[in-house]
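1. Quick one, what's the 3D model for this:
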Amino acid sequence: MTQPIQQILLPGTEADDRADFIGGSDAHHVLGLEPWGCPRALVLEKGQVPPDVPRQTTKDMDRGKLLEPVMRQLFMRDTGLHVAQDGPVMEAMAQWAQAPGYLRVHLDGLISPPTPAQWAALGGTGPAPDGPGVYEGKVPRSAGFWPMKRDGPKLGYLAQVLHGQIITGTRWGVTQASEADGLNHLRWLVQWDDGFAADYLAAASRLWAQAMSVRALHVGDLPTAKERHAALESLPDLPPRLPAHDSRCRRCPHRITCQDEAYMAALDLQAIGTETMLRMDDSPEWQQAVARIREFEPVLEEAKMQVEAGKDTIKFLMGTGTLAQGAGARVTYRSHDQKRVDGKLLEAKFPDVFKQVTKKVPQRPLLITLL
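-> Residues are numbered from 1 along each chain as shown. So this is what the prediction gives:
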C-alpha cells in the first residue's frame with residue numbers, strides 16, 4: 001500500500017496541527033521512554049485537550065534549530081556519508097511506507113547507502129545495507145551530552161529513529177548527539193528490530209484510539225481544568241497517571257487537568273490546617289516580583305547546569321586519576337569515607353541521649369513554584 005507524501009514532512013516545513021498525528025518527537029511518549037515520555041500526556045495532546053500553561057520555546061530549542069544544519073554537515077564530513085533533504089528523495093521513500101496514516105515523521109534527513117568500510121565504522125555488523133537510512137540529530141547542552149557519553153543514549157532518541165524507519169521503510173539509521181557547547185559528537189547506529197517495531201505500532205494504535213475517545217467527549221471544549229479532569233475520569237482505559245511529584249509532570253503543559261488537586265497538593269500549595277491562602281493576584285508589586293523570578297530563574301538554572309556539566313566533563317577526563325592541573329585550574333578527585341551520625345539509629349537505641357543532643361532551630365523557608 002502506497003502512503004501519501006504527507007506522512008513525510010520535508011525539512012523546513014511545519015505541520016498545521018501536531019494534534020492530527022503522532023510524529024517522531026512523540027516517540028518517547030508512545031512507550032513512556034526517557035527523557036520525558038508519558039503516554040497519558042500524548043493522549044491529552046492528540047485528544048485536543050488545551051494546555052493548562054502555554055508551551056514555550058526555550059533557548060535550548062532555538063539553539064538546537066540553529067546548530068542542527070552545522071552538525072549535519074559535520075556528520076557528512078566525518079563519515080563520508082551524504083544526508084539528503086530534497087523532496088524527490090523523500091517522495092521516493094513514500095512508496096516504501098506501510099505505516100498507519102496517523103503516523104508522520106519530520107525527517108532530519110536520509111543517509112546515503114554506506115560502503116562496507118563506512119558501515120563497519122558506524123558499528124554495523126554483517127553486509128552493508130543497500131538502501132538509505134534515517135538521520136536524526138540532537139544538540140544537547142554539556143549537562144546532557146556527557147552523561148550520555150558515560151551511560152549511553154536516551155531510549156527515546158533511538159525510538160525516534162525507529163519511528164522514521166517505520167514510515168520510510170528503511171531498516172537502519174543513526175542518532176547523532178552534538179554537544180551544543182563544543183564540537184564533540186556521539187553517534188549510535190539504530191538497526192531495525194521487528195519486536196520493538198511491533199510493540200511500538202501496537203502502543204501507538206492503542207494511544208491514538210484513546211485520543212479519539214477524548215476528542216469524542218469534547219473534553220477540550222470544557223472551560224476549566226477541573227471540568228476537563230472530571231470528564232477524563234469517565235474514560236477508564238486511559239494510560240495511568242504518573243505520580244504527581246514526578247519531574248515529568250513539572251514540564252507537562254497538561255499537568256493541572258491531568259492531576260487536578262493531586263498536583264497542587266504535591267507542590268504543598270494547598271492551605272494546611274488553619275492556614276489562610278493569601279490572594280495576591282491584584283498586587284502590582286507581587287506581579288513584578290514573580291515576573292522577575294520567572295525571567296531570571298532559568299538563567300540561574302542554566303548557570304548551575306553549565307557548572308555541573310563542567311564538573312562531569314572533568315570527572316570523565318580524569319577517570320581513575322586523583323590530581324590534575326590545566327588551564328589555570330588544579331583539581332583533586334579523591335575517594336574518602338565520610339562519617340555521619342545515624343539519627344534514626346541513635347533515637348531508637350538511646351532516646352534520652354537523642355533528646356539531649358537534638359535542638360530545634362526556627363526556620364521559615366521560602367518555597368516558590370511557578371505554575
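2. So, low pLDDT: which residues of the protein?
-> Of all residues in the chain, those with pLDDT under 70 make up the ranges 1-17, 56-58, 86-98, 261-275, 371.
3. top helix in it by residue count?
-> helix 284-318 (DSSP state H).
4. which strands and helices sit next to that helix?
-> If contacts are counted by 3 or more C-beta pairs under 8 Å, 6 or more residues apart in numbering; DSSP states H and E, helix 284-318 sits against helix 142-151, strand 323-326. C-beta here means a position set from N, CA and C on the backbone, and glycine is covered the same way.
5. Reformat those as JSON lines; add mean neighbour count and distance to residue 239.
-> Rendered in JSON lines, the data for the helices and strands packed on helix 284-318 read as follows (neighbours: other C-beta atoms under 10 Å; distance: least, C-beta to C-beta, whole Å):
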{"stretch": "helix 142-151", "mean neighbour count": "17", "distance to residue 239": "26"}
{"stretch": "strand 323-326", "mean neighbour count": "10", "distance to residue 239": "47"}
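6. For residue 363, pull up the helix or strand it's in.
-> In the assignment (DSSP states H and E), residue 363 maps to no helix and no strand.
7. how many neighbours does it have?
-> For residue 363, the neighbour count with other C-beta atoms under 10 Å is 5.
8. next one: phi and psi at the nearest residue to residue 235 once chain neighbours are set aside?
-> Using C-beta to C-beta, 6 or more residues apart in numbering and skipping the chain neighbours, the partner closest in space to residue 235 is residue 213 (5.8 Å). For residue 213, the backbone dihedrals (degrees, to the nearest 10) come out as phi -70, psi -40.
9. likewise residue 221?
-> The phi/psi pair for residue 221 (degrees, to the nearest 10) is phi -90, psi -10.
10. any idea how far residue 231 is from it?
-> Taking C-beta to C-beta, to the nearest Å as the measure, residue 221 falls 10 Å from residue 231.
11. quick one: which of those two has more around it?
-> Legend: neighbour count by other C-beta under 10 Å for residue 221 and residue 231, higher for residue 231 (18 against 12).
12. Where does the more buried one sit: helix, strand or coil?
-> Classification of residue 231 using DSSP: H, G, I helix; E, B strand; the rest coil returns helix.
13. Out of the helices and strands packed on helix 284-318, flag the one nearest residue 183.
-> helix 142-151 (11.1 Å; C-beta to C-beta).
14. what sits against the residue nearest to residue 235?
-> Applying C-beta atoms under 8 Å, 6 or more residues apart in numbering, one finds that residue 213 lies in contact with 47, 235, 237.
15. ok, now with 10 Å
-> 43, 47, 219, 232, 234-235, 237-238 (C-beta atoms under 10 Å, 6 or more residues apart in numbering).
16. Equivalent analysis for residue 224, please.
-> 52, 230, 256-257.
17. quick revisit: nearest to residue 196, of the contacts of residue 213?
-> residue 43 (21.2 Å).
18. sorry, back to before: could you export the contacts of residue 213 to a markdown table, including columns for distance to residue 246, secondary structure and neighbour count?
-> Below are the contacts of residue 213 laid out as a markdown table (distance: C-beta to C-beta, whole Å; DSSP: H, G, I helix; E, B strand; the rest coil; neighbours: other C-beta atoms under 10 Å):
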| residue | distance to residue 246 | secondary structure | neighbour count |
| --- | --- | --- | --- |
| 43 | 17 | helix | 27 |
| 47 | 21 | coil | 25 |
| 219 | 22 | helix | 23 |
| 232 | 18 | helix | 24 |
| 234 | 24 | coil | 10 |
| 235 | 21 | coil | 15 |
| 237 | 21 | coil | 9 |
| 238 | 17 | coil | 20 |
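19. Closest to residue 33 out of those?
-> residue 43 (15.8 Å).
20. returning to that earlier point: could you tell me which residues touch both of residue 221 and residue 231?
-> Contacts common to residue 221 and residue 231, judged by C-beta under 10 Å, 6+ apart, are residue 49.
21. Any chance of the helices and strands packed on helix 284-318 in JSON lines with distance to residue 64 as columns?
-> Listed next are these as JSON lines, based on distance: least, C-beta to C-beta, whole Å:
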{"stretch": "helix 142-151", "distance to residue 64": "11"}
{"stretch": "strand 323-326", "distance to residue 64": "30"}
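22. so which of the contacts of residue 213 comes closest to residue 320?
-> Using C-beta to C-beta, the contacts of residue 213 come closest to residue 320 at residue 43, 47.1 Å.
23. now the closest residue to residue 321 other than its chain neighbours: how far from residue 35?
-> Distances taken as C-beta to C-beta, 6+ apart place residue 333 nearest to residue 321, at 6.7 Å, with adjacent residues excluded. As judged by C-beta to C-beta, residue 333 and residue 35 stand 27 Å apart.
24. Kindly report the same for residue 106.
-> Taking C-beta to C-beta, one finds residue 106 at 19 Å from residue 35.
25. Tell me which of the two has more neighbours.
-> residue 106 (17 against 14).
26. roughly how far apart are the more buried one and residue 353?
-> Distance from residue 106 to residue 353, by C-beta to C-beta: 65 Å.
27. which ones are touching residue 32?
-> Contacts of residue 32 (C-beta under 10 Å, 6+ apart): 38-42, 155-156, 203, 239-240, 242, 248.
28. My reading is that it lies in a helix. Confirm?
-> No: read with three-state DSSP, residue 32 is coil and lies in no helix.
29. list the contacts for the closest residue in space to residue 353 that isn't next to it in sequence?
-> Among residues not flanking residue 353 along the chain, residue 346 sits closest, at 6.9 Å (C-beta to C-beta, 6+ apart). Residues near residue 346 by C-beta under 10 Å, 6+ apart: 353-354, 357-358.
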